[in-house]
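J.: Okay, here's the prediction I keep looking at, along with the sequence it came from:
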Amino acid sequence: MNRTFPLLLAAALILAFAQGALSQQDMKTLAPAAYGKLTRPAAQFNHDQHNEKAKLEECVACHHGGKDGKQDKSASTEGTPCADCHKLKTGGKGTALTKAYHKQCIGCHQAKGKGPVACGQCHKR
Amino acid sequence: MNAAYEFVTGPLAWAAWGIFLLGSAWRLYSMYQLAKKKDASSMAFMDWGFSLRSIVNWLIPFNALGWRKNPAMTVATFVFHICLILTPIFLVGHVMLWDQFFGISYATLPDNVADIMTLVVIGACLYFAGRRIMQPEVRYITTGQDWLALTIVLAPFLTGFLAYHQALNYDLMIILHVVAGEIMLAAIPFTRLSHMVFAAFTRAYMGSEFGGVRHAQDW
């Protein structure tokens, strides 16, 4: 009994950290902490499933670079979460986070004629 | 779905706004021509002071005798018109679309407040409908045009409420909601909803006649 507790605690801690490390693969929604309380339900987005379905090989298709409000579609920023560059509110230059999501997701879906375009198709209850 | 959404939020939306704005301008112009021809004397007594006096007095709830005689209707009509105008303009989802299409962004209502305001509009529509059926003096003057106007206004709010809560088929509901809103816009100049364009002039006409000819208040 005395030995089981520390073992359980260790297992719990390992699992807790593993959760963090795996989070990118396990990504199911787009709801970065920057938002705090969400206005609408989190947008459904399963990173790997989406890319498989959309036949996306190049990370740069979404993970673009750029600065001063100018997008650079050749500079890949793979591994960088959107919210690291796109802030909730911009001070002039740059694209605010919500608009960046909407522009990127809806823009591509419109261009391809496939994928969600109306509010509730991503922000599912 | 994508093609249908694209069509109703694109060409159809432009058409609806065009019909609403140009149609309203045309109705105002042709009504002015008609008034000059058939009621030329009214042009002489139209007066800014008496007009504004009447408009202001009728804008205050329970100020006009007509408001005081029908308290329930007064409350219903004021909250209905306030919610009808403010909800669609300041709804988060709608402001997002202004931003997406034109880069315009402004203040929004919290979703739960907008939800209640939508229910107020739906409830008021049901009250107006009940009144047209139950009150003999109202039923007597009710025509198909009144039911048409009421249905056209109810539709975007009912479908909007169902789409927001994602009840029933969302993809279908959001298309129906957009189309219902566009029907309402396009119907404003050509149905009884035209009081949106004419109300201020009707009030000004009454106010001017009562003030300048009868030397009486019209509220």
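T.: Cool, got the structure.

J.: End to end on stretch B:138-150, go ahead and measure it.
T.: From its first residue to its last, stretch B:138-150 covers 14 Å (CA to CA, to the nearest Å).

J.: same thing with stretch B:85-98?
T.: Stretch B:85-98 end-to-end distance (CA to CA) = 16 Å.

J.: and if you look at stretch B:126-143?
T.: 17 Å.

J.: got the contact list for it?
T.: B:72-73, B:76, B:80, B:146-147, B:150 (CB atoms under 8 Å, 6 or more residues apart in numbering or on different chains). For the C-beta atoms, the positions are set from N, CA and C on the backbone; glycine is no exception.

J.: Near chain B, which residues of chain A? Just list them.
T.: Listed as neighbours of chain B in chain A under the rule CB under 8 Å from any CB of the partner chain: A:39-40, A:98-99, A:102-103, A:106, A:109-110, A:113-115, A:117-121, A:124-125.

J.: What is the subsequent helix or strand relative to the strand or helix carrying B:A13?
T.: Using DSSP states H and E, B:A13 sits within helix B:11-38. Sequence-wise, the next helix or strand downstream of helix B:11-38 (DSSP H and E) is helix B:40-45.

J.: helices and strands around the one helix or strand in chain B whose mean pLDDT sits lowest, which ones?
T.: Least confident helix or strand, chain B: helix B:40-45 with a mean of 88, by mean pLDDT, DSSP states H and E. When contacts are defined as 3 or more CB pairs under 8 Å, 6 or more residues apart in numbering or on different chains; DSSP states H and E, helix B:40-45 packs onto helix B:11-38, helix B:195-212.

J.: Show me what counts as buried in the helix holding B:A13.
T.: Neighbour counts over helix B:11-38 (16 or more other CB atoms under 10 Å in any protein chain shown) mark B:12-13, B:16, B:19-20, B:23-24, B:27 as buried.

J.: so how far is chain A from the closest residue to B:H177 other than its chain neighbours?
T.: Leaving aside its sequence neighbours, B:H177 sits nearest to B:T159 (CB to CB, 6 or more residues apart in numbering or on different chains; 3.9 Å). To chain A, B:T159 is 12 Å away according to CB to the nearest CB, to the nearest Å.

J.: thinking B:T159 is in contact with B:I175, fair?
T.: No. Applying CB atoms under 8 Å, one finds B:T159 not in contact with B:I175, separated by 9.1 Å.

J.: for the spatially most central residue of chain A, what are its contacts?
T.: Central residue of chain A (CA atoms, centre = their mean): A:L30, 4.5 Å from the mean position. When contacts are counted by CB under 8 Å, 6+ apart, A:L30 touches A:42-43, A:45, A:82, A:101.

J.: And the helices in the chain, which stretches?
T.: I'll assume chain A. Secondary structure of chain A (DSSP state H): helices at A:4-22, A:47-53, A:82-85, A:97-112, A:119-122.

J.: Chain B is the one I meant
T.: B:2-9, B:11-38, B:40-45, B:48-59, B:65-69, B:71-90, B:92-102, B:111-134, B:136-141, B:144-164, B:170-187, B:195-212.

J.: What number of residues are in the vicinity of B:I175?
T.: 20 (other CB atoms under 10 Å in any protein chain shown).

J.: shaky segments in chain A?
T.: A:1-3, A:5-25 (pLDDT under 70).

J.: Would you mind listing what in chain B touches chain A?
T.: B:1-3, B:5-6, B:92-93, B:96, B:99-100, B:111, B:163-166, B:170-171, B:174.

J.: 6 Å instead?
T.: Within chain B, the positions near chain A by CB under 6 Å from any CB of the partner chain are B:2, B:5, B:92-93, B:100, B:166, B:170, B:174.

J.: between the residues you listed, which has the most around it?
T.: B:I174 (27 neighbours).

J.: Okay, that residue and B:V8: tell me how far apart.
T.: In this view, B:I174 and B:V8 are 9 Å apart by CB to CB, to the nearest Å.
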